[in-house]
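Enquirer: Starting from these lines, generate the structure:
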Amino acid sequence: MSDPNQTAREARHLRELSPHQWRSGVAAWLGWLFDGLDMHLYTLVAAPFVMQLLDAASPAAPEVKAKSSWIQAAFLVGWALGGGFFGRLGDLLGRSRALCLTILTYALFTGLAFFAQTWWQLLIFRFVAALGIGGEWAVGASLLAETWPRKWRPWIAAVLQTGVNLGILGACLTVYGLATLTGWLDVPYQPRWVFLVGVLPALLVFWIRRHVPEPAEWSSARERAGAAQPRVRELFAGEVLPVTLKTIVVCALSLSAWWAFIFWHPQHLRNLPELAEWPVPAREQLVSQVFFLVIGVSIAGNFFSGWLATRWGFRRSVAGMFGGFFLAMAGAFIVPRGYAALVWFWLPAVGFFSGVFGLFTMYLPPLFPTLLRTTGAGFCYNIGRLGAAVGTVVFGLFSQVGDFRHALLYASLLIPVAAIMALLLPEPGVAGTGRNSLARPESPG
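Expert: This next block holds a predicted model:
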């Protein structure tokens, strides 16, 4: 029987891909689509939902900001822990099995958020949902890295990240639709209803278990290793250690800045003087529309970064996109700007350069050994969520009087440091040879 991974390396056209490769691609892409959906439902309704749970007078009330920040921080901590936990399961149990577990986790607990009656109940539900969302990143990325053509990786990264973007757009449409329906029916706005949509991904699990086998590369590596399976501590030893540490720094800094933007820019818009007197449903519609625009533009950024990687390689492309990301985010908040300038230029520019995160999907996993791939990529990428969790709370402290501009500006200063560190990372196949074939980053295809 031919090795499907070898077939993937030789494929030059889509029609040459095997059914196994297509199914793996569809499973990973749909997993990321629903990942994006469940990830951002809370982001879009955080202020009004927490306001209701606290029975506060305004979404800008200090207690609403504080509790919504802690809920988001718990989500990001769960994301980090889930990346490590499910990443390890992906190496031990297989990519397909671990993918199913991650999807079930985030689908179930996103749906349970509908039943939250207190802010701390919502915090618990979001924390557990984040375990699955964090794990899905490394498992889905490794599944495609091991089954699809290596030379296509920049474009695979763009397509995979587009799945997340479309899921986020689905969250925007869900929130926008709820606000629109509320306005039509002239009934109180109930943000908790959006979380019921998050249960839908659970249906995908049944198809994955029936139709998506484990990658041959993982199965072969596990068979060769036998009882001598690599241990987690090997991420912090030998020639793998510098890659691990540098990757953690890049992810922690860049994700802290990105999540500060994602979480606080809707609140910044809500508190613009121009929007202060708007009815709540109208203001929520506007926030959803702007979020939709930012994420829609980011899809173009995914493919631009993929194109850039075919010319510059992954390492320099990541650093270059970080440069644009910093200029756009700092430019948006370095001075007070009105609604028009933010919406029609600065915020979409931030969204465009956020396409850099699409490159991480195909760049980070191959830097690690096959049997530590989801562990390494999942741990390093998602450990950045811990930094982002702290950043969400710390930067939120700058906005106690309702001005989120300074919080967002200070967060942007993390990005240049991430760009410099990215230049110190290797390209796949250049990281070092390790101590044995199992601890060796793969050579170029």
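Enquirer: only C-alpha atoms for contact and neighbour calcs from this point on.
Expert: OK.
Enquirer: would you list every one of the helices in the stretch 101-250 of the chain?
Expert: Secondary structure of the stretch 101-250 of the chain (DSSP state H, counting those that start in this stretch): helices at 119-145, 153-185, 202-211, 216-225, 240-270.
Enquirer: weakest of the ones you listed in terms of mean pLDDT?
Expert: In terms of average pLDDT, helix 216-225 trails the rest of the helices of the stretch 101-250 of the chain, at a mean of 78.
Enquirer: out of everything not next to it in sequence, what's closest to residue 359?
Expert: Closest residue to residue 359 apart from its sequence neighbours, by CA to CA, 6 or more residues apart in numbering: residue 157 at 5.5 Å.
Enquirer: isn't that neighbour right up against residue 364?
Expert: No - judged on CA atoms under 8 Å, residue 157 makes no contact with residue 364 at a distance of 10.8 Å.
Enquirer: ok, residue 427 touching residue 314?
Expert: Yes - with contacts counted by CA under 8 Å, residue 427 reaches residue 314, the gap being 6.6 Å.
Enquirer: shared neighbours of the two, which are they?
Expert: residue 363 (CA atoms under 8 Å, 6 or more residues apart in numbering).
Enquirer: neighbour-wise, which of those two wins?
Expert: Between residue 427 and residue 314, counting by other CA atoms under 10 Å, residue 314 is the more crowded of the two (28 against 18).
Enquirer: Near the closest residue in space to residue 135 that isn't next to it in sequence, how many other residues are there?
Expert: Nearest-residue entry for residue 135: residue 83, 4.1 Å, with adjacent residues in sequence omitted and distances by CA to CA, 6+ apart. By other CA under 10 Å, the residues close to residue 83 number 34.
Enquirer: Please report how far residue 83 lies from residue 25.
Expert: According to CA to CA, to the nearest Å, residue 83 stands 20 Å off from residue 25.
Enquirer: now do residue 139
Expert: 12 Å.
Enquirer: returning to that earlier point: among the helices of the stretch 101-250 of the chain, which is the most enclosed?
Expert: Mean neighbours per residue, mean count of other CA atoms under 10 Å, is largest over these for helix 119-145, with a mean of 27.
Enquirer: and that helix, what other elements does it pack with?
Expert: When contacts are defined as 3 or more CA pairs under 8 Å, 6 or more residues apart in numbering; DSSP states H and E, helix 119-145 packs onto helix 19-54, helix 62-93, helix 95-112, helix 356-363, helix 373-396.
Enquirer: The first one vs helix 202-211, what angle?
Expert: Which is helix 19-54. In terms of direction (axes from the mean of the first three to the mean of the last three CA atoms, to 10 degrees), helix 19-54 departs from helix 202-211 by 160 degrees.
Enquirer: How about the third one?
Expert: Angle between the axes of helix 95-112 and helix 202-211 is 170 degrees (criterion: the same axes, to 10 degrees).
Enquirer: Which elements pack onto helix 95-112?
Expert: helix 19-54, helix 62-93, helix 119-145, helix 202-211.
Enquirer: need the contact list for the closest residue to residue 324 other than its chain neighbours.
Expert: Ranked by CA to CA, 6+ apart and with sequence neighbours excluded, the top spatial neighbour of residue 324 is residue 353, at 6.0 Å. Counting by CA under 8 Å, 6+ apart, residue 353 touches 298, 301, 321, 322, 324, 325, 328.
Enquirer: and residue 353, what pLDDT?
Expert: What the model reports for residue 353 is a pLDDT of 96.
Enquirer: that older thread, do you know which of the helices and strands packed on helix 119-145 lies nearest residue 332?
Expert: Nearest of these to residue 332, taken as CA to CA: helix 373-396 at 16.2 Å.
Enquirer: relative orientation of the helix or strand following the closest one and helix 240-270 in degrees?
Expert: Using DSSP states H and E, the helix or strand that follows helix 373-396 in sequence is helix 405-412. Using the same axes, to 10 degrees, the inter-axis angle of helix 405-412 relative to helix 240-270 is 160 degrees.
Enquirer: how far away is the nearest residue to residue 92 once chain neighbours are set aside from residue 232?
Expert: Using CA to CA, 6+ apart and skipping the chain neighbours, the partner closest in space to residue 92 is residue 371 (7.8 Å). Counting by CA to CA, the gap from residue 371 to residue 232 is 10 Å.
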